[in-house]
Every structure is written in C-alpha cells, then in structure tokens.
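[1] here's my sequence, what's the structure:
(one chain, ligands or ions: 1)
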Amino acid sequence: MSKQILVTGGTGYIGSHTVVELQNSGFDVVIVDDLSNSQIEVLDNIEKITGIRPAFEKFDLSDSVLTDQFFNKYTNIEAIIHFAAFKAVGESVQKPLEYYRNNINSLLNLLTGMKKYGVKHMVFSSSCTVYGQPDKLPVTEATPRKEAESPYGNTKAICEDIMRDFCKTNEDLNCIALRYFNPIGAHESGLIGEFPVGVPNNLVPFITQTAAGLREELSIFGDDYDTPDGTAIRDYINVVDLAKAHVVAINRLIEDKKKSNYEFFNVGTGEGYSVMQLVKAFIEVTGVDLKYKIVGRRGGDIEKIWADTTYGNTELGWKSEKTLEETLASAWKWEKNVRGLN
Ligand code: UD1
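    Okay, the predicted model is just below:
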C-alpha cells in the first residue's frame, strides 16, 4: 500500500488546489475537513480534474479523540499538510476564543498524532501576517516578526512557535511553515476556486462577485496610503503556484533535503501591486465594467507588503510562474462557472 499525504482543510480554497497538484505528482491523498467553510462537491471537481477521488473524512481536528481515532485508522500517513483553520481577520477580533481554540488545538492534536503514530513530516499554512507592517521592504525570512494585529494573525505566530519548540525536542520530526502572501485566482479548469460564505472579506472574490452582479459596487479601502497611487500594496500569489510550493515542500521533507527540522519560507511573487492597479488589471483582462468607489481605510490593514523570494527560489527551488493577468482571468472564469454565466 502506498504512503498517503493527509491534507487537512483539503476541500477549502488552497487545500483543494494542493490536493490536485499532489495527485498530479503521484501522491495518494486523504482529506480531513469538517466542511464548516467548504462544500463536499469539491471532491467531485477534484475527481473531474485529476481522475482520482481522494479519500475523505469529515470531522473537526480540534477534537483530540476524533483526531486520535483518525491516526489509528489511517496507518500509512507519511506527511501532513495542515490547512484547516479559521481565517477571517475581522471575525477573529469578535470571536478570539473560537479562533484560538480551533486553530491551536487542531495543530496540537496533529503534532500529538505525529509523535504517537510515527508520522515524520508536516507542512503548515502560515501567513505574511506574522510580519505586520515591516520596517523594510521587501520582507525576507530574516525580517523580524511583529506583534500580531488580530487573534487570527496571532494564531499563525503561535502555531509557528509551537512547531519550532516541538521540532527542537523531537529531532526526527520535521515541519515547514509556508508564509503565504495574498493567494488569489483559481484552477485553469474553472472547476475549483475560492468560494467564500456570505459577503467576501477579501479583495478578489469581492471584485469577481461585483463583476458577476452579486454586489453593487467594490469599495476600495483608502487612497491616502504612502504608495504611488495612494492605495495599499500586496503581493498577490496565484493559488496554483502556491499549491505547487506545497508539493515542493513535501518532497524536500521526504527526500531529506532540509537544512534543519523546522524551516519557514516566504511564498509570494516578489512583486507588489496596489489595489487600484489590481482593479484596473481586472477590468482590462476581462473587459467587465467594474463599479468601484473609494472609501475610508479598513481598520487593521497594513499599508504595503511584498516578499523577497530569493531564499524560497534558491533553497526551496520554487518560483511563482503565472502573471497577474492570467491569475485574474482564472478568478473570473471560476466566478462565471459558479454563477452559470456564459
Ligand atoms: C488578510 C491577512 C492575511 C490573511 C487574509 C485572509 C493581514 C495583514 N493579512 O489579507 O494574513 O491570510 O486576510 O483573509 O492580516 N480591499 C479593498 N476592498 C475590499 C477588500 C479588500 O480595498 O472589498 C483591500 C484591502 O484593504 C487590502 C487589499 O485589498 O489593502 C487586500 O485585502 P484582502 O484580500 O482582504 O487581504 P489582506 O487584508 O491583505
């Protein structure tokens, strides 16, 4: 029986794209997801793309008993990619305990399972949010972390620390944290993509939903930042490129190419785009007449951030490939598919 990769949160946005790339690279995948923020139909679409239906178990990983039962049943897990987590910044401010309980307990339960059942490797879904507003741009892996602006951000920083400490005393166990910049876009098939519940918080889903007629108008949060056009700057990484970074990280662990048993890497493009640049690029690529207006800044937003990708490019051997235009076109194709538009 071949070894399996456990993908937690595998029916979610980044998780589903990563399952596709893992299966395309020949890995056998089992997904654990409680479907609290994703749909079971994602499995059908993964199967349409890859021809393979991944194994699936529905439960909440913050439940230690259920997590232990899972490892007891699936005895062939070689590595874990841990995506399952709550991820809405604003909601985390309103519900801090839920965020700490869910995001931290699920990691603790998985690490406990690794130790008890001899699973050697984990790749963890971290975020550039751990850098806060950096003093110097672009940010390298040597850039110091800053105190988190939100409970969500703090869970990412705490989870990184837990993995670092865990790896220190468990020398045969290995973790890589990938610090994502802003993941956007969708699979080129248009069969999987980001599917936010309710009104989207993130920029690109809000844009595509506005273009599809679900929202009246996009609000651009602030045009008085210290940037060339006054709108905030981010590093937007294509979700398929990001998914491939996970496959590279898994291979690095399995093939024992790591430098130490706890590592972290930035995963971005190395290019910063302003909100206005992104909106204009979307209009240009799709030809859609997107309605937008400038409003005040959104609380908790930072002004600008983009990655220095040198270390990831050289040490991890991964590079983003897709252009912003291709990525925005893929997001629009997905939205049109979901809404049944031509
Ligand atoms: C935030 C988090 C990131 C997290 C992500 C997941 C920080 C610093 N970043 O990213 O770690 O993974 O959420 O949800 O905490 N914007 C508009 N109008 C909109 C929506 C967004 O102008 O309707 C602007 C924002 O002000 C921001 C940019 O678009 O400047 C990107 O926003 P968004 O997509 O929400 O991502 P971040 O806030 O960068």
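[2] C-terminal to the helix or strand where Pro183 lies, what's the next element?
    Applying DSSP states H and E as the criterion places Pro183 in strand 182-184. The helix or strand immediately downstream of strand 182-184 is helix 203-211, counting by DSSP H and E.
[3] now the helix or strand following that next one: buried residues?
    Next along the chain after helix 203-211, taking DSSP H and E as the criterion, comes strand 218-221. For strand 218-221, a neighbour-count test (16 or more other C-beta atoms under 10 Å) marks Leu218, Ile220, Phe221 as buried. Placement of C-beta: from N, CA and C, glycine included.
[4] residue contacts, the second one?
    By that I understand Ile220. Thr231, Val275, Met276, Val279, Tyr292, Lys293, Ile294, Val295 (C-beta atoms under 8 Å, 6 or more residues apart in numbering).
[5] list only those of these flagged as buried.
    Among those, those classed as buried by 16+ other C-beta under 10 Å are Thr231, Val275, Met276, Val279, Tyr292.
[6] look up the closest residue to the last one, ignoring the ones flanking it.
    In other words, Tyr292. Counting by C-beta to C-beta, 6 or more residues apart in numbering, Tyr292 lies nearest to Leu218, which is 4.1 Å off, once chain neighbours are set aside.
[7] quick one: least confident helix or strand in this structure?
    Of all helical and strand segments in the chain, the minimum by mean pLDDT, DSSP states H and E falls on helix 89-94, at a mean of 93.
[8] what does that helix contact?
    Under C-beta under 8 Å, 6+ apart, the answer for helix 89-94 is Phe86, Tyr99, Thr129, Glu149, Ser150, Pro151, Tyr152, Gly153, Thr155, Asn201, Gly300.
[9] so which of the contacts of Ile220 are in helices?
    Using DSSP state H, the members of the contacts of Ile220 that fall in helices are Val275, Met276, Val279.
[10] contact partners for the closest residue in space to the first one that isn't next to it in sequence?
    Beyond its immediate neighbours in the sequence, the residue positioned closest to Val275 (C-beta to C-beta, 6+ apart) is Thr231, lying 4.0 Å away. Each residue near Thr231 by C-beta under 8 Å, 6+ apart is listed here: Ile220, Gly222, Asp223, Tyr225, Ser274, Val275, Met276, Gln277.
[11] what residues does the stretch 1-150 of the chain put near the ligand?
    Taking C-beta under 6 Å from any ligand atom as the criterion, the stretch 1-150 of the chain approaches the ligand at residues Lys87, Val89, Ser127, Thr129.
[12] can I have the buried ones of these as a PyMOL selection?
    To isolate the buried ones among those in PyMOL, judged by 16+ other C-beta under 10 Å, type:
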select buried, resi 87+89+127+129
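[13] so which of the residues of the stretch 1-150 of the chain next to the ligand comes closest to Leu43?
    Of all these, Lys87 has the smallest distance to Leu43: 20.8 Å, by C-beta to C-beta.
[14] may I have the phi/psi pair for the closest one?
    phi -140, psi 10 (degrees, to the nearest 10).
[15] kind regards, and thank you for your time.
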